[in-house]
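K.L.:
Please work out how this folds:
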Amino acid sequence: MHLKLRSRLFTNVACVVMLSVTGLVLRTATATTPAPPTNGCSTTTTIDATDPALPITITNSATFTSTITVAGLDPVLWDIDVETFIRHTYCDDLDIFLISPEGTRVTLTTDNGDSRNNIFNGTLWDDDAGDTNGPITEVPLANNVVETPVVPEEAMGAFIGEDPNGVWTLEVTDDANFDTGFIDAWSLIITTIPENPVNQTTDFVNPDINLPIAIPDSTTILSTVDVTGLDTLLCDVNLVTDITHTFAADLDIFLTSPEGTIVTLTTDNGGGNDDVFDGTVWDDDAGDDPTEPEPVTDSSFANNATETPLAPEEALAAFIGEDPNGTWTLSVRDDTNGDTGSLDGWTLELTTCILVDGDGDGVADVCDPCPIDNPDDTDADGVCESEDICPGGDDNVDTDADGVPDFCDVCPGGDDNVDSDGDGVPDFCDVCAGGDDNVDGDGDGVADFCDPCPADDPDDSDGDGVCDSNDVCPGGDDNADADGDGVADFCDPCPADNPDDSDGDGVCDSNDVCPGGNDNVDTDGDGLADFCDPCPDGDPNDSDGDGICDSADVCPGGDDTVDTDGDGEPDACDDTPTGQEVPGEECCAPGTMTMMPFTMLGWSWMRRRRRKVRGLGIRG
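P.N.:
As a prediction, the model looks like this:
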């Protein structure tokens, strides 16, 4: 049995018939294109027949074929619809089949349309057309009115799961004489997915305690099955009926899903045969085996012989894509008097399916460009999150071709991958080659390895090449030291002296008035330090220049150092610089010697006193 992969969660694609034929009424046909079990995986392609033999004349009692070669599609068929442009003046003569590359043969119509003309000239054959029209065996037909869309006589769901690539064949047989027609054109609408989904099949046997239920004449009976616990996407439905009845053609049997979709299993098939649906398996794929019955509308029934399996009159594929959980209803109607029967039981075989979606983003892994990412690509650069070199930026823009996108490029214009010193800064942009650009202890923007002053910010305020933390003379040039004393000139109080101030008086040696003494002590204020001032107590020191301080000068104005007669009185102040003076000569006559000793003694005292007074600056 082929895998059933059809969904009713579909996007509608309109196929509008544009032929202009005299007297022909054209309708708009809408193909229902299935979505896959997980979003984002299906591809729908329309392929028109390019057969050079078209148009093909359909002559009496003959079979004609036209082909379409399909290539390049994904390997799993998910849905197929076919559109035919076939003119014929007696459509009941036509038997139309579609044959897949794998040889599966599906009946589109056999002997439907009675004597009406051109009703398949623009028909869209779609398993889901029952929502708007119905099976070709049941829809009302009118002359020169295109019937579209319609459910084919046998479900095209039989093709689901096959590989669509290869040669598809449309086969048309005119099985009677007199009327003819043309195959003008045809096309396939194929939806594919990249791989088969994972299926789970569950059987639900009807537990109705009212079974068996009698089927009286001209009456409809209902029986239900409640389904719970299944996955929410239905991929295949099969049904087994245990129905006894003495005239099968009286029976119209329908199956209704929890979502309200109604599929016709059979209406008025089986002739007058008894119990032909007692154990019948209804399956869209029933026509696959040529040794078994095909569509219920074309089967050869035998009395009291169960006909199984059978393709229903309307495709069970119409349920695919629905949520199977809920109440399913089997409806059986006896539409004629005379014969009766009984519904003894029925069983649903439901298959749900999924495509694996590892990251849970709603896109199956097989067609998810980023199967392990949810979201896939937040920066929309076409690179999956798990592979994104530069999250938030466009990985595809790499101006310097270093493999690092511009948005995250550490070193635009250079190769981010070359980092000789391993500091994370590419060589092209490395400020401190050979060292770690990231280590900057003083925060001055210069890596410590290349910072002449790694502990200083700023490094060298006075620009003398000496780091501030080591600067002996901030604000001046530490390298300028004219006297070589180790103190920069800018900060050297005595830039020309080494040593600066030998006597420690705060006066540079080169300016020291009194080396060895304190230039700052000048008692007499004469500008000469006391230590070097011969006369520290006087100003001026030696007015008469005799080398005797004025304060000690015996003979001010004269040279105290000249004392010819050695009498202790400088010549300049000595009345008798060459000899001793004899007092009393004016008053005493010669020869008066008796007074001499006393006179000399008193005179000598007076002279000494006068010298003393003069020494004190007192005139006597």
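
K.L.:
For the rest of this, base every contact and every neighbour count on C-alpha atoms.
P.N.:
Noted.

K.L.:
Span of stretch 464-471 from start to end?
P.N.:
End-to-end distance for stretch 464-471: 9 Å, by C-alpha to C-alpha, to the nearest Å.

K.L.:
right, I mislabeled it, should have said stretch 454-466
P.N.:
Distance across stretch 454-466, first residue to last, is 12 Å (C-alpha to C-alpha).

K.L.:
cool, stretch 242-256 as well?
P.N.:
End-to-end distance of stretch 242-256: 17 Å, with C-alpha to C-alpha as the criterion.

K.L.:
got it, and stretch 99-114?
P.N.:
From its first residue to its last, stretch 99-114 covers 24 Å (C-alpha to C-alpha).

K.L.:
Need the mean per-residue confidence for that stretch.
P.N.:
In this model, stretch 99-114 has an average pLDDT of 94.

K.L.:
Same question for stretch 443-450.
P.N.:
Stretch 443-450 carries an average pLDDT of 88.

K.L.:
Buried residues of it, list them for me.
P.N.:
By 16 or more other C-alpha atoms under 10 Å, the buried positions in stretch 443-450 come out as 444, 446-450.

K.L.:
Same question for stretch 89-109.
P.N.:
89-101, 104-109.

K.L.:
Give me the distance from it to the chain's centre.
P.N.:
The chain centroid and the centroid of stretch 89-109 are separated by 53 Å under C-alpha atoms, centre = their mean, to the nearest Å.

K.L.:
mind checking which helix or strand the residue lying closest to residue 110 once chain neighbours are set aside is in?
P.N.:
Computed as C-alpha to C-alpha, 6 or more residues apart in numbering, the closest residue to residue 110 that is not its neighbour in sequence is residue 95, at 4.2 Å. Secondary structure from DSSP states H and E places residue 95 in strand 94-99.

K.L.:
ditto for residue 224
P.N.:
Going by DSSP H and E, residue 224 is in strand 219-227.

K.L.:
Check residue 522 too.
P.N.:
Here residue 522 is covered by no helix or strand, with elements defined by DSSP H and E.

K.L.:
Equivalent analysis for residue 463, please.
P.N.:
For residue 463, there is no helix or strand it lies in under DSSP H and E.

K.L.:
about what we covered before: partners of the strand holding residue 224, with directions?
P.N.:
The pairing partners recorded for strand 219-227 under DSSP bridges are strand 326-334 (antiparallel).

K.L.:
how much space between residue 406 and residue 156?
P.N.:
Residue 406 is 53 Å from residue 156, by C-alpha to C-alpha.

K.L.:
meant to ask about residue 162
P.N.:
11 Å.

K.L.:
how would you label the nearest residue to residue 359 once chain neighbours are set aside: helix, strand or coil?
P.N.:
Leaving out its chain neighbours, the residue that sits closest to residue 359 by C-alpha to C-alpha, 6+ apart is residue 372, at 5.1 Å. Following DSSP: H, G, I helix; E, B strand; the rest coil, we place residue 372 in the coil state.

K.L.:
Could you count how many residues lie near residue 372?
P.N.:
Residue 372 has 17 neighbouring residues, counting by other C-alpha atoms under 10 Å.

K.L.:
hang on, the earlier thing: which one of residue 406 and residue 156 has more residues nearby?
P.N.:
Each of residue 406 and residue 156 has its neighbours counted (other C-alpha under 10 Å); residue 156 has more, 27 against 21.

K.L.:
ok, the more buried one - contacts?
P.N.:
Counting by C-alpha atoms under 8 Å, 6 or more residues apart in numbering, residue 156 makes contact with 80-81, 106, 126-127, 284, 315.

K.L.:
where does it land on pLDDT?
P.N.:
Note on residue 156: pLDDT of 93.

K.L.:
how much space between it and residue 559?
P.N.:
Remark: distance between residue 156 and residue 559 (C-alpha to C-alpha) = 156 Å.

K.L.:
can you check residue 397 too?
P.N.:
Using C-alpha to C-alpha, one gets 109 Å for the distance from residue 397 to residue 559.

K.L.:
Repeat that for residue 116.
P.N.:
172 Å.

K.L.:
Residue 516 looks like it's in a helix, true?
P.N.:
No: counting by three-state DSSP, residue 516 is not part of a helix but coil.

K.L.:
circling back: if the residue nearest to residue 110 is in a bridge, with which residues?
P.N.:
The partner residues for residue 95, given DSSP bridges, come to residue 110, residue 173.

K.L.:
Tell me who's in contact with it.
P.N.:
Here residue 95 is in contact with 107-111, 172-175 (C-alpha under 8 Å, 6+ apart).

K.L.:
Tell me the pLDDT of it.
P.N.:
96.

K.L.:
For residue 111, see how far away it is.
P.N.:
Residue 95 sits 6 Å away from residue 111, going by C-alpha to C-alpha.

K.L.:
same thing with residue 105?
P.N.:
17 Å.

K.L.:
for residue 341, same thing?
P.N.:
30 Å.

K.L.:
Excluding its own residues, what touches stretch 128-135? List them.
P.N.:
Contacts with stretch 128-135, where a contact means C-alpha under 8 Å, 6+ apart, come from 32, 139, 148-153, 261, 263, 313-315, 317-318.

K.L.:
Could you list the buried residues of it?
P.N.:
Buried residues in stretch 128-135, defined by neighbour count with 16+ other C-alpha under 10 Å: 128-130, 133-135.

K.L.:
Likewise for stretch 164-179?
P.N.:
Within stretch 164-179, the residues that count as buried by 16+ other C-alpha under 10 Å are 164-175, 179.

K.L.:
what's the answer for stretch 417-434, then?
P.N.:
Neighbour counts over stretch 417-434 (16+ other C-alpha under 10 Å) mark 417, 419, 421, 423-433 as buried.

K.L.:
what sits up against that stretch?
P.N.:
Applying C-alpha under 8 Å, 6+ apart, the set of residues contacting stretch 417-434 from outside is 402, 410-411, 414-416, 435-438, 446-447, 449-450.

K.L.:
Ends of it, what's the gap?
P.N.:
End-to-end distance of stretch 417-434 (C-alpha to C-alpha): 16 Å.

K.L.:
Now do that stretch: distance to the chain's middle.
P.N.:
Counting by C-alpha atoms, centre = their mean, stretch 417-434 comes out at 27 Å from the chain centroid.

K.L.:
So for residue 439, what's the nearest residue that isn't a sequence neighbour?
P.N.:
Excluding its sequence neighbours, the residue lying closest to residue 439 (C-alpha to C-alpha, 6+ apart) is residue 447, at 5.5 Å.

K.L.:
Hmm, residue 453 and the one you found touching each other?
P.N.:
No: the criterion here is C-alpha atoms under 8 Å, and residue 447 misses it with residue 453 at 10.1 Å.

K.L.:
so where's this structure shaky on pLDDT?
P.N.:
Applying pLDDT under 70 to the chain flags the ranges 1-40, 287-293, 580-620.

K.L.:
quick one: the closest residue to residue 119 other than its chain neighbours from residue 95, how far?
P.N.:
Distances taken as C-alpha to C-alpha, 6+ apart place residue 146 nearest to residue 119, at 4.1 Å, with adjacent residues excluded. Residue 146 sits 17 Å away from residue 95, taking C-alpha to C-alpha as the criterion.

K.L.:
Cool, thanks, talk later.
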